[in-house]
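> Structure for this input, please:
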Amino acid sequence: MSQRQIQTITNEFLDELQLRARASARLRAIHCLHSGDWEHCHRMLNALTPGTYVRPHSHVSDHQSEAFILLRGKLALLIFDEEGSVDLSRSRTLSPADGILGMDIPPRIWHSLVALEDAIIYEVKGHPAGGFVLERDKNFAEWAPEEGSPESAAYLKQMEDAARRLG
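Have a look, this model is predicted:
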């Protein structure tokens, strides 16, 4: 295994990542800080732009907690119950102005992100032995439309409306 370089997170790099997100068809961009899928702890910078649809999902492995720390911008982290209703009492708007800078989500909690303005988060997610395997990474909610489907735009609007109710 080769020695990994130290990575420094600068404002200039975050500006570039946000530009990549705006130019992306998905309206988001990820920069991995970890060396590969085999690592048990994935660390990422995730830039999101308003209009991006992050399909609600959960992580079923006990090793897959997921933490988000807001570096800039404003976004809502929505928590859902098993039927797909937004749980406003556990959902939060991440905003430096409001003093809420991050959340740690345990496994098996349905969640999604809604960009209320350009935002960048530092995301950390655990993985079981063997590291990341796409087929077992996320359990997508059956009650939420697939990304890119005709229904996803209307569903995103519902999530945005719920995010605005958070205050």
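
> Three-state assignment for Phe13, please.
Look at Phe13: counting by DSSP: H, G, I helix; E, B strand; the rest coil, its state is helix.

> How about Leu77?
strand.

> partner residues bridging it?
Leu77 has the following beta-bridge partners by DSSP bridges: Arg92, Leu113.

> Let me see the contact set for it.
Leu77 makes contact with 68, 91-94, 103, 105, 111-113, according to C-beta atoms under 8 Å, 6 or more residues apart in numbering. Using the backbone N, CA and C atoms, a C-beta is placed for each residue, glycine as well.

> Show me which of those is closest to His59.
Set against His59, the nearest of these by C-beta to C-beta is Ile105 (8.2 Å).

> hey, what's the residue nearest to that closest one when sequence neighbours are not counted bridged with?
Leaving out its chain neighbours, the residue that sits closest to Ile105 by C-beta to C-beta, 6 or more residues apart in numbering is Glu66, at 4.8 Å. Counting by DSSP bridges, Glu66 forms beta bridges with Ile105, Lys125.

> Any figure for the gap between Glu66 and Leu101?
To Leu101, Glu66 is 16 Å away according to C-beta to C-beta, to the nearest Å.

> Pro50 too?
Distance, Pro50 to Leu101, by C-beta to C-beta: 20 Å.

> try Leu166
15 Å.

> Repeat that for Lys157.
27 Å.

> related to what we said a few turns ago, out of Leu166 and Leu101, which sits in the more crowded spot?
Counted by other C-beta atoms under 10 Å, Leu166 and Leu101 do not tie: Leu166 has more neighbours, with 18 against 13.

> these two touch, right, the more buried one and Arg92?
Yes - with contact defined as C-beta atoms under 8 Å, Leu166 reaches Arg92; the gap is 6.7 Å.

> what residues are shared contacts of the two?
Ala76.

> just for the chain, where's the confidence low?
The model of the chain has pLDDT under 70 over residues 1-2, 37-41, 127-138, 167.

> and with 50 instead?
Counting by pLDDT under 50, the chain contains low-confidence ranges at 1, 133-134.

> That one: strands as residue ranges?
Along the chain, counting by DSSP state E, strands occupy 28-32, 41-48, 57-58, 66-72, 75-80, 92-94, 102-105, 110-115, 119-126, 139-140.

> got the angle for the fifth one vs strand 110-115?
Following axes from the mean of the first three to the mean of the last three C-alpha atoms, to 10 degrees, one obtains 160 degrees for the angle between strand 75-80 and strand 110-115.
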